[in-house]
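1. kindly return the folded structure for what I paste below:
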Amino acid sequence: MEVKRDILWRVYLSYILVVLVCVAIFGKAVYIQQVEGGYWRSMSDSLHQRIDEIEAERGTIYSEDGQMLSTSIPQFDIYMDFRVESLRAKNGLLFRENLDSLSYHLANLFGDQRKDDYKALLKQGYKNNDGYFLLKKKISFREYEELRRFPLFRLGRYKSGLIANEKTIRLNPYKMLAFRTIGLARDANKVGLEMTYDSVLKGRNGKQLVRSIAGGVYVPVDADTYEIEPETGKDIVSTIDVFIQEVTENALMKMMVKNEAEYGTAIVMETKTGKVKAVANLGKRGAGEYWEDFNYAISPSEPGSTFKLATMIALLEDKKVNLNQGVDLEGGIWKVAGQVVYDSEKHGRNMVSVKQAFELSSNVGMAKLAVAHYASNPSRFINHLKKMRMDTLTGIDLTGERRPTIFKPGHKLWGPTTLPWMAFGYNLSVSPLQTLSLYNAVANNGKMMKPYLVSAVKEEGVLQKAFSPVVVDEKICSDETLRQLRECLEGVCISGTAASLFKETPYRVAGKTGTALVANGNRGYADKVYQSSFAGYFPAEDPQYTCIVVIKNKPHAAVYYGGSVAGPVFKEIADRLYSTYVRVNNLAKKSAGIDSSYFAYAGFKPDITTVTKKLNIPYKDSTKRIDEWVAVSGKDKMIALTPKTVADKSMPQLKGMGLKDVVYLCENLGLKVQVQGKGKVVAQSVEPGQMIAKGQLINIALN
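-> Residues are numbered from 1 along each chain as shown. The predicted model follows:
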């Protein structure tokens, strides 16, 4: 009996201890849940949730004519959460009912896999009960909008399991067009306007609560709720004109490829305002391949003979010379301080006038005049360069402009040959933009304008800030000096080094050629690398545009003179702008009268014949088919129709055609059409006969 009592006592004690432990555990659980629950839940959230920064949408950069040059577009990564209750209910009935049709639509939209491949992919994700299954990366907004209308996905995120992670990418719609000037917007690699106006464009980032799911991936707790709403950046309107930019780049590119040049730049400025309408920068990346790799427009180099304009300003302003005064060129060779000055182009001339020395681009003439009048007081010459702002930055609103180098008397590198060599553009370095600003001041009646690239800041289309032209110097020299400078610059294009280039030009040009022997890295001057340049303005009697072209040629290039390399690029740009803008504007100012002059049109033959019949106008038809393009020409009511050939791979002649026909013809050739004006075509950015590619942009100007 005692043994039984002893055993029972032990059993009861063990039972009581177990009950007490259970009560303690239960009590602790209740305490944790009810008393400490908030603390532990917040601890869990802190481990699996966090506040992420949401990047604000960046503002858009527009051209002055309203075209997007750089913009942000949404891009989506598409995932599926196969754990949502609706997809698992009734043994996956909803998923199975929509699987075939969803797979079909996905294959049809993306075209990268067959329907059966997508079907197998979705089934595998469902089988694995994947909570963040990657379906497709980097799809466009248009594709995303279409995707949301697909079977199953149209039910919404919480029933279909569709997860769309949006991110923003930066896009330059015109690709290489002014690429270096517009710039990039990629983290620390920003350049150009993207960098200069970064604080305006970037907006203010937002904050959003996200939670961690399988694989260490964070997704928004609520896609539509933000701790701080992101604020979209403002837009900027640049002074760039897409048509002028395209014309400038095409003209520069053709010469770069033709001459196998190392790099080149071309800048077009609106004379009266200082607005930079185009900046092309091309550098060689491979065999015959060029890209906007560096901003050569704001990088200093030895300018060569285009700098002789500054020398002439100093001489004329100080009344040291007059244009008819004689100077002995000594056949183009002159010794000074133990060194020899050579004229780049052989002419064999001796006694000529100062004006002729400038027109011939004589290094000897400029050097002798500088030494004769400033050797005893070189600081006076340097002070003139300061007055012309050649020793400082232009102040253009573009980060990265580099300072010029102009030595002064007393500098360790100043010597007896410094002054004579500076007189014709050596022993100093200035950027093409600085040279352009000087020529623009001469064209603008002595008023030097600050070059600028942004004309306005807008927010959701509403003007926030406008930038007006800024005058940095009301008068760089006297009116008498300006008159003589213009005479010299026009003389270069009439009887000087650019005479043959502008011989039959229907408008007057004022400008200066430049040919400079430049160092080729560590190899020095042995490789005979020449930098060709041309700076000037047009039309000379009422300047509208000022332009500079600078091209660094390959070593031992067969053609390297400024008038032969840079000059043709300038002329092509000037011809296109004159015919598109200047001439058209001048014609618009004239009063309209009865037009009995010769006319020329073009169009689709059925349309032409319909019009002539309705108006009872007789015509002579030398075409053979009814369904062809025809050229229409004549005078008064005497009309002739002739066949107009349209090839599949080359650009047709569009001049004289109406907009309807142009759009139809160009889009059938795979071209993207950009139109300015009204009426019939007077200019096209892609020359007739030039090879074309699908997707290529063509700018059309109507009269």
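2. tell me the secondary structure for Val675?
-> For Val675, the secondary structure call by DSSP: H, G, I helix; E, B strand; the rest coil comes out as strand.
3. mind starting the numbering at 733 from now?
-> All set: I'll call the first residue 733, so the last point we hit is now Val1407.
4. how close does it sit to Ile793?
-> Using Cβ to Cβ, to the nearest Å, Val1407 is found at 22 Å from Ile793. (C-beta placed from N, C-alpha, C; glycine too.)
5. higher neighbour count, the two?
-> Ile793 (29 against 14; other Cβ atoms under 10 Å).
6. is it true that the more buried one touches Leu933?
-> Yes: contact criterion Cβ atoms under 8 Å: Ile793 and Leu933 qualify, at 7.4 Å.
7. common neighbours of those two, please.
-> 926, 967-968 (Cβ atoms under 8 Å, 6 or more residues apart in numbering).
8. which parts of the stretch 983-1132 of the chain are strands?
-> Using DSSP state E, counting those that start in this stretch, the strands found in the stretch 983-1132 of the chain span residues 995-1002, 1008-1018, 1021-1023, 1058-1060, 1065-1068, 1071-1074, 1083-1085.
9. ok, the stretch 1233-1382 of the chain next?
-> For the stretch 1233-1382 of the chain, strands defined by DSSP E, counting those that start in this stretch occupy the ranges 1242-1250, 1261-1270, 1277-1284, 1330-1336, 1351-1353, 1361-1367, 1370-1375.
10. show me what the shortest one is packed against.
-> In this case it means strand 1351-1353. Applying 3 or more Cβ pairs under 8 Å, 6 or more residues apart in numbering; DSSP states H and E, one finds that strand 1351-1353 contacts strand 1370-1375.
11. pretty sure Phe814 contacts Asn861?
-> Yes: contact criterion Cβ under 8 Å: Phe814 and Asn861 qualify, at 5.8 Å.
12. who has more neighbours, those two?
-> Phe814 (20 against 13).
13. contact partners for that one?
-> 820, 827, 857-858, 860-863, 865, 893.
14. quick one, domains of the chain?
-> If you go by automatic domain parsing, the domain ranges for the chain are 784-970, 987-1320, 1330-1434.
15. picking that back up, export the shared contacts of Ile793 and Leu933 as CSV, with columns for pLDDT and neighbour count.
-> What follows is the shared contacts of Ile793 and Leu933, written out as CSV (pLDDT from 0 to 100; neighbours: other Cβ atoms under 10 Å):
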residue, pLDDT, neighbour count
Glu926, 84, 24
Asp967, 91, 22
Ile968, 90, 27
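16. just those residues: which are in helices?
-> Here DSSP state H is the test, and the shared contacts of Ile793 and Leu933 give Glu926 as lying in helices.
17. which element is Leu853 on?
-> Using DSSP states H and E, Leu853 falls within helix 847-859.
18. how about that helix: buried residues?
-> Buried residues in helix 847-859, counted by 16 or more other Cβ atoms under 10 Å: 847, 850-851, 853-854, 857-858.
19. hmm, Cys1225 is touching Val1241, no?
-> Yes: with contact defined as Cβ under 8 Å, Cys1225 and Val1241 form a contacting pair (4.6 Å).
20. joint contacts of those two?
-> In contact with both Cys1225 and Val1241: 1234, 1268, 1272, using Cβ under 8 Å, 6+ apart.
21. now do the contacts for the second one.
-> By Cβ under 8 Å, 6+ apart, the contact set of Gly1268 is 1171, 1221, 1225, 1241-1244, 1278-1280, 1302.
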